[in-house]
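1. Sequence first, predicted coordinates after that:
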Amino acid sequence: MTEADIQCELAYAYLHAVAARLGVESQSAARISDNHAIDVTLRTHAKLDSDFELASIPLDVQLKSCSTELTDDGTRFSYQISRGQYEKLSATDRLAPIILVLFILPKNKDEWLTLDEESLVTRKCAYWVSLYGAAPVTADRPTVYVPKANLLSIDGMRTLLGRFSRREEVRYVA
């Protein structure tokens, strides 16, 4: 496997672990869905909190990973994606919401994953951004801004799914 393949697999593992801990189904997408910028579909089968309106919520995820230094203005990361992915992620004609999840790994690959008898540790973490309703672009590799406040943690995922369960539009803010 290439280093990019390993990073990708670790990103899937991170997302699956967070979803599993929350009790959310996490299903890797088939090749056809991958062609539509969907790598994973998350689905709730029960209301995860008292403020949830819907019990069954599908959430599509485009998963990216990197171990390079990203531009960080203190509140957000800059990350480039293909225009085709951008257009699919910013579409407003979808029933199921879709988000971009960016898994950031340390530069040193020896730090990506460590384990012993007491722990299994993946270094760094993932953040999410919704590009729903983002302005059209002409660049081949547009830059998206991923807020550091959107940490993909157990509580963060519960909060995000709660917003979708209340049918809130989670729009992109550049």
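-> Good, I have the coordinates.
2. quick check: longest helix of the protein.
-> helix 3-22 (DSSP state H).
3. so how far is it off the chain centroid?
-> Here helix 3-22 is found 10 Å from its chain centre; the criterion is Cα atoms, centre = their mean, to the nearest Å.
4. Flag the shaky bits of this structure, pLDDT-wise.
-> Residue ranges of the chain with pLDDT under 70: 31-35.
5. so where do the strands sit in it?
-> 25-28, 40-43, 58-66, 71-72, 76-80, 98-104, 113-115, 120-122, 125-129, 143-147 (DSSP state E).
6. So for this protein, the centremost residue is which one?
-> By Cα atoms, centre = their mean, the chain has its centre lying nearest to Val101, at 1.9 Å.
7. unless I'm mixing things up, that residue is touching Ser130, no?
-> No. Using Cβ atoms under 8 Å, Val101 makes no contact with Ser130, being 10.6 Å away. Where C-beta positions appear, they are placed from N, C-alpha and C, glycine not excepted.
8. Count the neighbours of the residue nearest to Val61 when sequence neighbours are not counted for me.
-> In this structure, Val61 finds its nearest non-sequential neighbour in Val40, 4.4 Å apart by Cβ to Cβ, 6 or more residues apart in numbering. Val40 has 21 neighbours, counted by other Cβ atoms under 10 Å.
9. which non-adjacent residue is nearest Ile8?
-> Careful, residue 8 is Cys and not Ile. Per Cβ to Cβ, 6+ apart, closest to Cys8 is Ser65, 5.7 Å.
10. quick one: the one you found from Asp93, how far?
-> 28 Å (Cβ to Cβ, to the nearest Å).
11. got it, and Ser26?
-> Counting by Cβ to Cβ - Ser26 and Asp93 are separated by 25 Å.
12. neighbour count winner among the two?
-> A direct count of neighbours by other Cβ under 10 Å for Ser26 and Asp93 places Ser26 higher, at 18 against 4.
13. Name all residues that make contact with the more buried one.
-> 15-16, 19-20, 40-42 (Cβ atoms under 8 Å, 6 or more residues apart in numbering).
14. Let's see that with 10 Å instead.
-> By Cβ atoms under 10 Å, 6 or more residues apart in numbering, the contact set of Ser26 is 12, 15-20, 40-43, 59, 61.
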